[in-house]
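>>> This is a predicted model, with the sequence first.
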Amino acid sequence: MKHIFFTLTLVLSHFFAISQINILWDDEPGIVYNGQTISINKDMAGFDVYMHCQNTGNSSLGINIKRVVLTSNDSLFNDQFCDNNVCYSCFGNDWTTPTPNILQPGDSCLMKASFYFKNSGNVKVRYYVLDVNDNPLDSVDVEIFNTVNLTELNNITILAYPNPVTDYLNIEMPNISSENSISVYDISGKKVFSSGLKSSINKFDFSYFKPSIYFYQISNGTTLLKSDKLILEK
């Protein structure tokens, strides 16, 4: 009997914790998305998904957000997460905010996911709302169907070779400007190299990088001109 009572208490306490949280998508105000999927169709490289987490209980609640990439289907993307305090760059497939937000009864916390796609494809990401002990309170899935073709967005021919690269990477592009630059990211999404493009033919030394898969972006200020996978071999 004591065992049954203890189990029932755990179930009720878990249900109470879940009932304290509402996850809302700002594009559809008033609809609770707890345990649901937000489906988004986009044809642009970068965009934000605004959500809010609301404390519907009668006591203050400290929360963290855990982001898990469920599927990416060969899509290459960087993402960022913002709450009421600060914006964080997300790394790897499993990432958690380092500092909790304290929500008073009735208050809500911003949950803004920012995505920057390097190619078209589908991505599904789950955001868990955790208590201060990292116990899941609830979750929402964000599924993105992105049809942007970044290499065809600009009528500019950009050559990046050789790929795979063993030592030097060459970048050739016409009409060079002072705003043209290249950024290289490792497989976790961390930026490991960046440089301006000084002339129509640029040569960069990657011989000191460890062999792995990287991703590069060539941009003109805020406009992405080309993005692709970069394989480094020795």
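Everything's here; your move.

>>> Skipping its backbone neighbours, what lies nearest A160 in space?
I171 (5.5 Å; Cβ to Cβ, 6 or more residues apart in numbering). For the C-beta atoms, the positions are set from N, CA and C on the backbone; glycine is no exception.

>>> That neighbour reaches S199, doesn't it?
No. Taking contacts as Cβ atoms under 8 Å, I171 lies outside contact range of S199: 9.6 Å.

>>> the more surrounded of these two?
Set side by side, I171 and S199 show more neighbours around I171, with 22 against 11, by other Cβ atoms under 10 Å.

>>> Would you mind splitting this structure into its domains for me?
What automatic domain parsing lists as the domains of the chain is 2-146, 150-232.

>>> could these be laid out in JSON lines, adding mean pLDDT?
Output for the domains of the chain, formatted as JSON lines (pLDDT from 0 to 100):
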{"stretch": "domain 2-146", "mean pLDDT": "85"}
{"stretch": "domain 150-232", "mean pLDDT": "82"}
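
>>> Give me the helices and strands touching the helix or strand harbouring G62, please.
Here G62 sits within strand 61-71, counting by DSSP states H and E. Contacts defined by 3 or more Cβ pairs under 8 Å, 6 or more residues apart in numbering; DSSP states H and E place strand 61-71 against strand 46-55, strand 77-82, strand 94-96, strand 101-103, strand 108-117, strand 121-131, strand 136-146.

>>> Can you name the residues bridging to the closest residue to F209 other than its chain neighbours?
Spatial nearest neighbour of F209, excluding adjacent residues (Cβ to Cβ, 6+ apart): L232 at 5.4 Å. In this entry, L232 is beta-bridged to V165, S212, by DSSP bridges.

>>> Could you pull up the residues touching L232?
P164, V165, T166, F206, F209, K210, P211, S212, I213, Y214 (Cβ atoms under 8 Å, 6 or more residues apart in numbering).

>>> mind redoing it with 10 Å?
Neighbouring residues of L232 by Cβ atoms under 10 Å, 6 or more residues apart in numbering: 163-167, 169, 184, 206-207, 209-214.

>>> ditto for F117
42, 44-47, 75-79, 123, 144, 146-148, 150, 224, 227.

>>> how about the strand holding G62 as CSV, C-alpha atoms only?
As requested, the backbone C-alpha atoms of strand 61-71 are provided in CSV (Å, rounded to 0.1, in the frame of the first residue of the first chain):
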residue,chain,number,x,y,z
LEU,A,61,10.0,28.3,-11.1
GLY,A,62,13.5,28.1,-12.3
ILE,A,63,13.9,26.7,-15.8
ASN,A,64,16.6,25.8,-18.3
ILE,A,65,16.1,25.0,-22.0
LYS,A,66,17.6,21.9,-23.6
ARG,A,67,17.9,21.8,-27.4
VAL,A,68,18.2,18.4,-29.1
VAL,A,69,18.6,18.0,-32.9
LEU,A,70,16.3,15.0,-33.7
THR,A,71,16.9,15.0,-37.5
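
>>> now the angle between strand 108-117 and it, please.
Relative orientation of strand 61-71 versus strand 108-117 (axes from the mean of the first three to the mean of the last three Cα atoms, to 10 degrees): 20 degrees.
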